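S.K.: Sequence first, predicted model second:
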Amino acid sequence: MASNSSLEQAIDKILEKTEKKILLDLENANSAAKQTLEDALPKIEQEYDQIISNGKKEADKIEKQITGSSDLEARNKQLTLVEESIDKVFTKALDEIANADRSGDYTNLIKSFMDESTKTLGTTEVLVFTNNKDKDIVQSLISQYPGAEVSSETIECLGGVKVKSKDGAMTFDNTIDAKIERLKPLIRKDIATQFGVVN
């Protein structure tokens, strides 16, 4: 019996030692896990903040894209409406010019076109082309330009003159049509600016 008792005591000691070792190991593992968790917490919080920050940036980017797209669409519609209105104004103005009275101030206008044309070409030795409606006015002014002649050919235009040097080297289109085409971009920009479509 004594040997049984010794055996039981030996087993109890081993169990007790093992239990203490296991408890100590568990306590150490628990402490280590706790420390690892505490050490990882700032990094996890930082990563969380980074995810939130990236999410906000992405949301802002998407919002700007949507807003930008809507703004662009609205601006394009506004530009289209202004462009259509400008075209209507040009059409009406061209119609009024085509049907304008060809006397008084109009004669002075044709004279200014002739002056500008000969000055631009640097010579009065020119052949002057015009339309049927303006031919008589140009003919009445031609004597003021030594060496100038009125062409027997007429041109299709609203009014004004197309002047060609007699040597054929230079031509200046000073018709109302050409003047309007040269001014159109400036007029369009000015009107668009008035409507706040262009900065």
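M.R.: On my side now, so go ahead.

S.K.: Just give me the neighbour total for the residue nearest to T123 when sequence neighbours are not counted.
M.R.: Distances taken as Cβ to Cβ, 6 or more residues apart in numbering place S165 nearest to T123, at 5.8 Å, with adjacent residues excluded. For every residue, glycine as well, the C-beta is placed using N, CA and C. S165: 17 surrounding residues under other Cβ atoms under 10 Å.

S.K.: S165 pairs with what?
M.R.: S165 has these beta-bridge partners by DSSP bridges: V126.

S.K.: show me where this protein has helices.
M.R.: 2-98, 105-121, 135-141, 176-194 (DSSP state H).

S.K.: TSV please, covering the ones you listed and showing mean neighbour count, distance to S151 and mean pLDDT.
M.R.: Conversion of the helices of the chain to TSV gives the following (neighbours: other Cβ atoms under 10 Å; distance: least, Cβ to Cβ, whole Å; pLDDT from 0 to 100):
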stretch	mean neighbour count	distance to S151	mean pLDDT
helix 2-98	10	21	75
helix 105-121	17	13	92
helix 135-141	17	9	93
helix 176-194	14	17	81
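
S.K.: So which of the ones you listed is nearest A169?
M.R.: With Cβ to Cβ as the criterion, A169 lies closest to helix 105-121 of those, at 9.1 Å.

S.K.: If you count contacts, what does the closest one end up packed against?
M.R.: For helix 105-121, the contact count by 3 or more Cβ pairs under 8 Å, 6 or more residues apart in numbering; DSSP states H and E identifies strand 126-130, helix 135-141, strand 160-165, strand 171-175 as packing neighbours.

S.K.: for S103, phi and psi?
M.R.: phi -130, psi 170 (degrees, to the nearest 10).

S.K.: re earlier: make CSV from the helices of the chain and add distance to I155 to it.
M.R.: Shown next, in CSV, are the helices of the chain (distance: least, Cβ to Cβ, whole Å):
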stretch, distance to I155
helix 2-98, 14
helix 105-121, 13
helix 135-141, 10
helix 176-194, 10
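
S.K.: Sweet, I'm off.
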